[in-house]
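Visitor: when you get a sec, could you give me coordinates for this:
(one chain, ligands or ions: 1)
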Amino acid sequence: MSKKNPSTNETSSSVTPRRPTDARTVEGVFRSTEFHWVGNGFFVSTYFPSAQLPAARVSPFLLMDYGPPKAFEPLAQGKRGVGWHPHRGFETVTLAWEGAVSHRDNAGHADVIGPGDAQWMTAASGIFHEEYHEAEQTLRGGHLHMMQLWVNLPAKDKGSKPAYQSLKAAQFPTLAATPGSGTVRVIAGEYGGARGPARTFTPLTMLDIHLRAGDELPIPLPTTFNALAIVATGEITACGTTARAGELVLFANDGASLRLAATEEAHVLVLAGEPINEPIVQYGPFVMNSLDEIKQAIRDVELGKFGPIPSEVT
Ligand code: MN
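Guide: Next comes the predicted model:
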């Protein structure tokens, strides 16, 4: 499991190894290739699923749509986003770093998340929701910087009741990075003895990290966890490999920790989790284990089993 320091002549105990022996290696660094609109509000790049980042390497995460900071002009009339649509079989997690996103679903949840907040929606057995820029933000215009992740559910939980967690910035334990004044915000899972507030179906870790130049951050994780880091701004070295804004680092499952170091001020999101080793069949907004279950989901929407769609007028 442990990797030998490549500088083989550095045998003295006074010499610091270039890479700690328990650190993972980097399997690949990936950039966004193309951007597309989700509805008329979210301009994102889909980092995965992709040929380079197959499901087995990113599970339990299914999809990452990343929207780097983008300026929107004021809009006097209308909405920016996506109207009512269904989901089944997984969870959608939306992170807002700049700007505000509003959400409404037919299980009775309505919410706005602003900078530093997250929403964790469990679609599970079936839900309809809508996702828009917050109304005031639409009127005034401004920047939006966001990400949406899809998190898979194991087969035994795909039929669970829909749920919604509004996770506000103040709820996240915030720890210091060393030696500078960077911070680690724990959204889900555990870091440095602190637990994030998100309730998850399978073990996973989500850390929102701001580093100052010179900060170093060890992140212990079970070796079985798939692990990735995406750099939103700045530049880091991840287990010795340089990654810049817009680049996603996939770590091999070959060590006990990730080692991040900031070469300049940087904002990084780390995602890690125990893979769900079950078949995945995705069709549009449904993620199930078999084609039959996908067909059933389509039928169930037609039969109204996802519940009624609330009126557009409230
Ligand atoms: Mn959606």
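Visitor: R244 touches V231, doesn't it?
Guide: Yes - when contacts are counted by C-beta atoms under 8 Å, R244 is listed as touching V231 (6.1 Å). Where you see a C-beta, it was placed from the backbone N, CA and C, and this is true even at glycine.
Visitor: which of those two has more residues huddled nearby?
Guide: V231 (24 against 15; other C-beta atoms under 10 Å).
Visitor: that one pairs with what?
Guide: V268 (DSSP bridges).
Visitor: pLDDT score for it?
Guide: For V231, the pLDDT comes out at 98.
Visitor: could you do the one 4 residues further on as well?
Guide: According to the predicted model, the pLDDT of E235 comes to 98.
Visitor: OK, contacts around it?
Guide: Residues in contact with E235, defined by C-beta atoms under 8 Å, 6 or more residues apart in numbering, are 242-245, 262-264, 266.
Visitor: try 6 Å this time
Guide: 244, 263-264 (C-beta atoms under 6 Å, 6 or more residues apart in numbering).
Visitor: give me the subset of these that lies in strands.
Guide: R244 (DSSP state E).
Visitor: from the contacts of E235, pick the one nearest F42.
Guide: When these are compared for distance to F42 (C-beta to C-beta), R244 wins out at 22.9 Å.
Visitor: where's the closest residue to the closest one other than its chain neighbours relative to E91, distance?
Guide: Distance criterion C-beta to C-beta, 6 or more residues apart in numbering; nearest residue to R244, sequence neighbours excluded, is E235 at 4.8 Å. Using C-beta to C-beta, to the nearest Å, one obtains 31 Å as the distance from E235 to E91.
Visitor: same check on K70?
Guide: 25 Å.
Visitor: the two: which is more packed in?
Guide: E91 (27 against 16).
Visitor: so what pairs up with the more buried one in the strands?
Guide: Going by DSSP bridges, E91 forms beta bridges with T122, V151.
Visitor: is it in contact with T122, as I believe?
Guide: Yes - here E91 reaches T122: they are 4.9 Å apart, a contact under C-beta atoms under 6 Å.
Visitor: tell me the phi and psi of the residue nearest to R244?
Guide: Dihedral angles phi and psi of E235 (degrees, to the nearest 10) take the values phi -150, psi 140.
Visitor: ditto for the one 3 residues further on
Guide: For A238, the backbone dihedrals are phi -120, psi 110 (criterion: degrees, to the nearest 10).
Visitor: got it, and G114?
Guide: The phi/psi pair for G114 (degrees, to the nearest 10) is phi -110, psi -170.
Visitor: per-residue pLDDT, it?
Guide: In this model, G114 carries a pLDDT of 97.
Visitor: where does the most centrally placed residue in the chain sit, in terms of helix or strand?
Guide: For the chain, the residue whose C-alpha lies nearest the mean C-alpha position (C-alpha atoms, centre = their mean) is L149; its distance is 4.4 Å. Using DSSP states H and E, L149 falls within strand 142-152.
Visitor: can you list contacts of that strand?
Guide: With C-beta under 6 Å, 6+ apart, strand 142-152 has contacts from 60-67, 69-71, 90-99, 276.
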